[in-house]
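Novice: Mind looking at a prediction? Sequence and model below.
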Amino acid sequence: MPNPYLPLWEYIPDGEPRVFGDRVYVYGSHDRKDSVDFCDFKLKVWSAPLSDLTRWVCHGDVFRTRDGDTPSDVDWTDNLLFAPDVVEREGKYYLYAYIVNAKGCVAVSDRPEGPFKLLSKYEYNIPNHYDNGTFIDPGVLVDDDGRVYIYCGYQGSYMAELKPNMYEVVDGSYKTDIIPTEEPFCFFEACSPRKVGNTYYLIYSPKIGSRLDYATSDSPTGPFVYRGTIVDNSVDYPGGNDHGSICNINGQWYIFYHRMTNGTIMSRRGCVERIEILPDGSIPQVEMTSLGFDESLDPYRPTCAETACVLKGGCLVTEKSVFERPVVNITSGCVMGWKYFDFGEDYSSKTMQIRLKIHGMGCKGKIRILIDGEEGEEIGSVDFAEDSGVIGGRVKAVTGRHSVYLIPEGGYEGWAAGSMKDRQLFILDEFVFMK
């Protein structure tokens, strides 16, 4: 399942991955394609069997702050829901929710997919601490000894221990600046705790906003040591805030994060990359790819434009309809890239064909096809015309594993080239290689 790993019409940012039983669950916010706000008034849950990470299913709305198909689950506010987390303790599943400008709450279910029923608002005795906005974007850790810790924050981090009832803060356990806002930590938001062996990890978003960084400690209460960046969603791509966490699935570690679409930072889709945790506990930074849970992309099956992991020069993915999510705003010199395809080991073919489905925008020119980077080897080019539909031609046959880049050029010279410089050349739907 390539990135984004959920159905391409679904917008689930801030993903918190959890393995319960024989399935992996993703708990996150819910965005909308045309929203002017972050998130929604409902939370949804998706899951997939560990045996087949391509078979994601939706469990529907599991918690709400406004009436919809089901009534609201809270009676003290109807504000937006942000960035939840879910943990299991003694056979029950607890959902922790942040509600914008209102007191957050904990809900409970007998099943990891919910639906979740309100258990209580958070209860605490913290001097000089206000109710509205407390426990922003909660991340929760159930330690091996059964003790429970909640980590939160926006422009400043804090944590507390919870009593066995799962919603009441233990007096005296509240700590501020668990991750400092100063260099090198630069904490901003998006706390997500995990324990790997005897090491405690806190994944979070630093002030730069587009990264997921991490710090480690030998205690759930710190002090934490800054370790580095895991992924940055703005590398060669229209970036924005990030929020996610790590998860071990079938022995492989992943980082769950999100990317921006529709030309806005408020329309985000969940993505995932393979990571490695080294013996010293460090996590080398990984690049964004189109792979998702796949080990490689198949060049001989149509590749949807929206799975691009490189978009430079102003081009972007946008949703025209539930069936159409092309790359638009394609002007001369834009760069579109997909990582990584496995072309196989056929050494007898000298050439292969490429076909692209595009919508002409009254312009003509060519599309250069390169492998292994925008400065990589050019294996051919394809002309497009003012009213192009399906276009294509022969390119050099390649073998093995490669990224593929498409770089369009407008077909105008002299004064016309200047007047057409910023014109949208075409809209890209998909492409495929053939032998």
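Specialist: Ah, there it is. Numbers count the residues shown, from 1 in each chain.
Novice: And the strands in the stretch 101-250 of the chain?
Specialist: Using DSSP state E, counting those that start in this stretch, the strands found in the stretch 101-250 of the chain span residues 105-109, 117-121, 139-142, 148-153, 157-162, 175-176, 187-196, 199-206, 211-217, 225-232, 245-249.
Novice: For V286, which of these is the nearest?
Specialist: For V286, the closest of those is strand 225-232, at 5.6 Å, according to Cβ to Cβ. The C-beta positions use only the backbone N, C-alpha and C, and glycine is treated the same way.
Novice: Strand partners (parallel or antiparallel) of that closest one?
Specialist: Partners of strand 225-232 in the sheet, by DSSP bridges, are strand 211-217 (antiparallel).
Novice: in the partner strand, what's buried?
Specialist: Within strand 211-217, the residues that count as buried by 16 or more other Cβ atoms under 10 Å are 211-217.
Novice: next one: it to chain centre, how far?
Specialist: Distance of strand 211-217 from its chain centroid, counting by Cα atoms, centre = their mean, to the nearest Å, is 17 Å.
Novice: Equivalent analysis for stretch 203-211, please.
Specialist: The chain centroid and the centroid of stretch 203-211 are separated by 13 Å under Cα atoms, centre = their mean.
Novice: can you give me the helices in this structure?
Specialist: 414-419 (DSSP state H).
Novice: circling back: right, and the strands of the stretch 101-250 of the chain - which one's nearest F433?
Specialist: strand 225-232 (28.0 Å).
Novice: Can you tell me what sits against the closest one?
Specialist: By Cβ atoms under 8 Å, 6 or more residues apart in numbering, the residues outside strand 225-232 that reach it are 184-185, 203, 210-217, 239, 242, 244, 246, 255, 257, 273, 275, 281-283, 285-288.
Novice: Need the buried ones from those selected in PyMOL.
Specialist: PyMOL command restricting these to the buried ones, with burial defined by 16+ other Cβ under 10 Å:
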select buried, resi 185+203+210+211+212+213+214+215+216+217+239+242+244+246+255+257+273+275+281+283+285+286+288
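Novice: ok, back up a step: kindly reformat the strands of the stretch 101-250 of the chain as JSON lines containing mean pLDDT and distance to I371.
Specialist: Output for the strands of the stretch 101-250 of the chain, formatted as JSON lines (pLDDT from 0 to 100; distance: least, Cβ to Cβ, whole Å):
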{"stretch": "strand 105-109", "mean pLDDT": "97", "distance to I371": "48"}
{"stretch": "strand 117-121", "mean pLDDT": "96", "distance to I371": "53"}
{"stretch": "strand 139-142", "mean pLDDT": "98", "distance to I371": "40"}
{"stretch": "strand 148-153", "mean pLDDT": "96", "distance to I371": "43"}
{"stretch": "strand 157-162", "mean pLDDT": "95", "distance to I371": "43"}
{"stretch": "strand 175-176", "mean pLDDT": "92", "distance to I371": "50"}
{"stretch": "strand 187-196", "mean pLDDT": "97", "distance to I371": "35"}
{"stretch": "strand 199-206", "mean pLDDT": "98", "distance to I371": "33"}
{"stretch": "strand 211-217", "mean pLDDT": "98", "distance to I371": "28"}
{"stretch": "strand 225-232", "mean pLDDT": "98", "distance to I371": "23"}
{"stretch": "strand 245-249", "mean pLDDT": "98", "distance to I371": "30"}
